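1. Here's a sequence, model it:
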Amino acid sequence: MIELGNKNLIFKSRSSDSVVSEIINFFDLAGTNVLLISGNSNSQTSIRLNINFIHCSSSNIETNLKDNLFRVEHLFVEVISLYETNKYFDEIRKLTSIPITFILPVSKSFRSSPSYHDIDGYDFIYLTKRKKIDSVAILIRQTLKDYIVEDLKNNWESNLENLKISYIRNKKLEDLFGDSD
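-> Predicted structure coming up:
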């Protein structure tokens, strides 16, 4: 799957909520205890998951997060702007040092915006999207091949099926030969 460091960023295109859901679900199923925090102004998240979820703003995150950190190994924080990521990051770091991945929507012109170029402080930065397919195929069922992840720092792109296969293969090799670090 994708690599996640201490501070990560996932840009989600309009139609890629299911891509982000698949990524988070994969980490959850692989044994990583995750918590999703929604900083959106509405009380619902557009990401559909079967994991722990809280809704809070950056101003009251300390109160809400304290009660939900037990056994959490990775935080996913859904925000609406790059500016908000810094506010959340500062407040979360007052409580814990566990890794954080920020999820935020992207516009078509995001690569030309000034805030896009202010992303050096992130370990990994990804853009998620879906392949363009006809509406009948969407109704039937999309596969992991239809979900695309682009690494914006290392300039590569792959579908979720290939990323999942690669992760499983690497995990089996690590189990056989031990950790190479």
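2. Go ahead and confirm residue 37 touches residue 52.
-> No: under the criterion of CB atoms under 8 Å, residue 37 is not in contact with residue 52, lying 9.5 Å apart. Placement of C-beta: from N, CA and C, glycine included.
3. Looking at the two now, which is surrounded by more residues?
-> residue 37 (26 against 15; other CB atoms under 10 Å).
4. Can you tell me the element that one falls in?
-> Per DSSP states H and E: residue 37 is located in strand 34-38.
5. Show the subsequent helix or strand relative to that strand.
-> strand 52-55.
6. Would you mind pulling up the elements that the very next helix or strand once past that following strand packs against?
-> Sequence order places helix 61-66 as the next helix or strand after strand 52-55, per DSSP H and E. Under the contact definition 3 or more CB pairs under 8 Å, 6 or more residues apart in numbering; DSSP states H and E, helix 61-66 sits against strand 34-38, helix 82-93.
7. Buried deepest among those, which one?
-> Mean neighbours per residue, mean count of other CB atoms under 10 Å, is largest over these for strand 34-38, with a mean of 22.
8. Give me the residues contacting that one.
-> 24, 27-28, 44-45, 47, 49, 51-56, 61, 64-65, 68-69, 72-78, 88 (CB atoms under 8 Å, 6 or more residues apart in numbering).
9. How about stretch 81-97?
-> With CB under 8 Å, 6+ apart as the test, stretch 81-97 has contacts from 6-7, 9, 37, 39, 58-59, 61-62, 65-66, 69, 75, 77, 79, 100, 102, 104, 115-116, 118-119.
10. Now, of those residues, which are buried?
-> 7, 9, 37, 39, 58, 61, 65, 75, 77, 79, 100, 102, 104, 116 (16 or more other CB atoms under 10 Å).
11. if I pick residue 143, what's in contact with it?
-> residue 161 are the contacts of residue 143 under CB under 8 Å, 6+ apart.
12. correction: residue 156
-> Residue 156 neighbours (CB under 8 Å, 6+ apart): residue 150.
13. Tell me how many other residues surround the closest residue to residue 63 other than its chain neighbours.
-> Once flanking residues are discounted, residue 63 sits nearest to residue 56: 7.8 Å by CB to CB, 6 or more residues apart in numbering. The number of residues packed around residue 56, counting by other CB under 10 Å, is 18.
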